[in-house]
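K.L.:
Test case, fold it:
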Amino acid sequence: VPPPPPPAKPQASGYKTDLVKIEPNELQDLNDILGDIRNAAGSHDLIFLIQLQIEGKIPIEVKEKLNQLLAKVSDQIIFQ
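P.N.:
Numbers count the residues shown, from 1 in each chain. Just a heads-up that it's a prediction; the model follows:
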């Protein structure tokens, strides 16, 4: 199990940032209530910063397949 990510640095811009580790099923749960979260935020901008981690040495075929799938969401999400 990789160590937990470091705490988020305070943002001078006035944004409140929290960094947490969630499991894939929790990400699905987040998606299910995303509309409610956006409504609760009101006129405040919500920005989601996504970091994906995978353990172990990843074969090139797996990276390519992951990148093909992730590109359906955003071309900015790329496993290097």
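K.L.:
Where does the prediction get shaky in this structure?
P.N.:
In the predicted model of the chain, residues 1-2, 5-13 satisfy pLDDT under 70.
K.L.:
in it, which spans are helices?
P.N.:
For the chain, the helices defined by DSSP state H occupy 24-32, 34-41, 60-71.
K.L.:
how far off helix 24-32 does the shortest one point, in degrees?
P.N.:
Relative orientation of helix 34-41 and helix 24-32, computed by axes from the mean of the first three to the mean of the last three Cα atoms, to 10 degrees: 60 degrees.
K.L.:
Tell me which other helices or strands helix 34-41 touches.
P.N.:
Packing partners of helix 34-41 (3 or more Cβ pairs under 8 Å, 6 or more residues apart in numbering; DSSP states H and E): none among the helices and strands. Heads up, the C-betas are built off the backbone N, CA and C, glycines and all.
K.L.:
distance of the residue nearest to the spatial centre of the chain from residue 19?
P.N.:
Geometric centre of the chain, nearest residue: residue 50, 2.3 Å, by Cα atoms, centre = their mean. According to Cβ to Cβ, to the nearest Å, residue 50 and residue 19 sit 11 Å apart.
K.L.:
What of residue 60?
P.N.:
On the measure of Cβ to Cβ, residue 60 and residue 19 end up 29 Å apart.
K.L.:
Run a quick neighbour tally on residue 36.
P.N.:
A count of neighbours around residue 36, defined by other Cβ atoms under 10 Å, yields 9.
K.L.:
actually residue 79, not the one I typed
P.N.:
Residues contacting residue 79 under the criterion other Cβ under 10 Å number 14.
K.L.:
Quick check: the gap between it and residue 27.
P.N.:
With distances taken as Cβ to Cβ, residue 79 is found 17 Å from residue 27.
K.L.:
Likewise for residue 59?
P.N.:
24 Å.
K.L.:
Could you do residue 57 as well?
P.N.:
Distance, residue 57 to residue 27, by Cβ to Cβ: 24 Å.
K.L.:
Please identify which of these two sits among more neighbours.
P.N.:
In terms of neighbours (other Cβ under 10 Å), residue 27 is the more surrounded of residue 57 and residue 27; the figures are 11 against 6.
K.L.:
sorry, back to before: deepest in the core, which of the helices of the chain is it.
P.N.:
Highest mean neighbour count of the helices of the chain: helix 60-71, a mean of 12 (counted as mean count of other Cβ atoms under 10 Å).
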